[in-house]
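J.: I need the structure of the sequence given here:
(chains A, B and C)
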Amino acid sequence: MGVDLGPLIKNRRQVKVEELHGRAVAIDGYNALYQFLAVIRGEAGEPLTDSKGRVTSHLSGLYYRTLNLLEKGVKPVYVFDGRPPELKAQEIENRVKQREAARAKYEDALRRGDLESAKTYASMSTRLRDYMVSDAKQLLDALGIPWLQAPSEGEAEAAYMAAKGYVWASVSQDYDSLLFGSPVLVRNLTISGRRKLPKKDVYVEVVPEMLELQLVLGELGLTREQLIDLAILIGTDFNPDGIKGVGPMKAYNYIKKYGRLEEIAELRDELSSIDYVAIRNIFLQPDVVDPGELEWRPPDEERVVEFLCREHDFSEERVTNALRRLKSSSSARTESLDKWFG
DNA sequence: CTGGAGGA
DNA sequence: TCCTCCAGG
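T.: Next up is the predicted model:
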């Protein structure tokens, strides 16, 4: 779920798509696929599937989102989670239980014929299976988009890539990559702007926003080490409960007043059950790998059609239309991308 | 979420 | 041309 740093961070800036032109970004692949799976659903909340019953919602989202980014001159590299740290076990168990509870409510809502609730709970019961990730990687290969299997946390790997200059920014909805040291975090990376709020017929304009680590730290008057301590008080994936009764504001006040966890006398008992030294280490010395040279190739149209249309029953008209649009876009003909289509 | 249809 | 709505797989 990530750390709830949102309320503390005022220093966020809306990004225009033009500012992303020509830039490489590392996208948290699991984060992205989960969102597509949660959102792209039918009337009763069922995911899109092919004729063999395999889920394809995430492929649809990944395909059109990626082509849109390419059309705008953005060069994405997708980073997928590897083996989670031991300390993430509790968080993973929590998520499993939440999904199971949501699934029960989903089935109940279906029985009652309450489609609106069904859709909500279906979304909450989203599971990302291995085959879905595998399919996503196959699609990216066909599209000529690089992807990376992180040794551990994808967010950590993306942050490393940004910090080392392999990419300009990391992309995720979560704030964790700031804790992992990403100099720039982009949230809401989407081209088409408006999104419908659940329940009400209200539409909200969704614009990509950019958070810079140094500006955030400067705004809060904290070091990255202190921001990590603050996050531990609120609760991270590695101590999901945090400290009872301590949210973003109280956590901030504690760290501003005492500087670091060791000095907070009144929380000594609560903190004694949290292995915060190990958690700090996950954020400060994460298990990452050098990505090597990233290569963007032109989409292999034959392969894309074979995979999406032949194998997964996508409409060939829609799929080829999208590719044609990319080919005729100005971005595809300029700069480093001109080699794509001769 | 996104593209495309169909109405304003 | 813009906007809203809905199916997509």
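J.: Strands of chain A, start to end?
T.: Per DSSP state E, chain A carries strands over the ranges A:13-14, A:24-28, A:75-80, A:147-149, A:169-171, A:184-187, A:194-196, A:203-205, A:209-212.
J.: Could you list the low-pLDDT ranges of the stretch 201-342 of chain A?
T.: Low-confidence segments of the stretch 201-342 of chain A (pLDDT under 70): A:201-203, A:331-342.
J.: How about the residues of it by DNA strand B?
T.: A:206, A:318, A:321-322, A:325 (C-beta under 7 Å from any atom of the strand). For every residue, glycine as well, the C-beta is placed using N, CA and C.
J.: Which positions in chain A make contact with DNA strand C?
T.: Residues of chain A that fall close to DNA strand C, judged by C-beta under 7 Å from any atom of the strand: A:40-43, A:46-50, A:56, A:60, A:194, A:201, A:203, A:312-315, A:318-319.
J.: May I ask you to name the longest helix in chain A?
T.: Using DSSP state H, we find that the single longest helix of chain A is helix A:89-112.
J.: Domain map for chain A?
T.: Listed domain ranges for chain A are A:1-219, A:221-285 (source: automatic domain parsing).
J.: Now do the end-to-end distance for the last one.
T.: What that stands for is domain A:221-285. 22 Å (C-alpha to C-alpha, to the nearest Å).
J.: Kindly report the same for stretch A:81-92.
T.: Taking C-alpha to C-alpha, the first and last residues of stretch A:81-92 lie 13 Å apart.
J.: ok, residues contacting that stretch?
T.: Outside stretch A:81-92, the residues that touch it by C-beta atoms under 8 Å, 6 or more residues apart in numbering are A:1, A:29-30, A:149-154, A:237-241, A:275, A:278-279, A:282, A:287.
J.: And it, what's buried?
T.: A:81-82, A:85, A:87-88, A:91 (16 or more other C-beta atoms under 10 Å).
J.: Now the two most distant members of the residues you listed.
T.: Farthest apart among those by C-beta to C-beta are A:Gly82 and A:Glu91. That separation is 15.8 Å.
J.: Let me know how buried A:Lys164 is, in neighbour terms.
T.: 11 (other C-beta atoms under 10 Å).
J.: With A:Gly292 as the reference, measure out to it.
T.: A:Lys164 sits 12 Å away from A:Gly292, going by C-beta to C-beta, to the nearest Å.
J.: Next: A:Gly42.
T.: Distance of A:Gly42 to A:Gly292, computed by C-beta to C-beta: 40 Å.
J.: With A:Pro85 instead?
T.: A:Pro85 is 24 Å from A:Gly292, where distance means C-beta to C-beta.
J.: List the buried residues in stretch A:305-313.
T.: Result for stretch A:305-313 [16+ other C-beta under 10 Å]: buried residues A:305, A:307-309, A:311-312.
J.: can you check stretch A:166-186 too?
T.: A:166-172, A:174-186.
J.: Endpoint to endpoint, it covers what distance?
T.: Distance between the two ends of stretch A:166-186: 15 Å, counting by C-alpha to C-alpha.
J.: Just the closest residue of the stretch 1-150 of chain A to DNA strand B, please.
T.: Nearest residue of the stretch 1-150 of chain A to DNA strand B (C-beta to the nearest atom of the strand) works out as A:Tyr64 at 3.5 Å.
J.: Determine the number of other residues adjacent to that residue.
T.: If you count neighbours by other C-beta under 10 Å, A:Tyr64 ends up with 17.
J.: same question, A:His21
T.: By other C-beta under 10 Å, the residues close to A:His21 number 14.
J.: Now, the contacts of stretch A:81-92 that are in helices?
T.: The helices, defined by DSSP H, take in A:29-30, A:154, A:278-279, A:282 from these.
J.: what about the stretch 51-200 of chain A, any weak spots by pLDDT?
T.: Along the stretch 51-200 of chain A, segments meeting pLDDT under 70 span A:195-200.
J.: Point out the residues in it that sit beside DNA strand B.
T.: A:60-61, A:64-65, A:67-68, A:190-192, A:195-196.
J.: And these, which two are furthest apart?
T.: Maximum distance among those (C-beta to C-beta): 22.4 Å, for A:Leu67 and A:Lys196.
J.: higher neighbour count, those two?
T.: Using other C-beta under 10 Å, the more surrounded residue of A:Leu67 and A:Lys196 is A:Leu67, with 21 against 10.
J.: Now do the contacts for the more buried one.
T.: Contacts of A:Leu67 by C-beta under 8 Å, 6+ apart are A:143, A:322-323, A:325-326.
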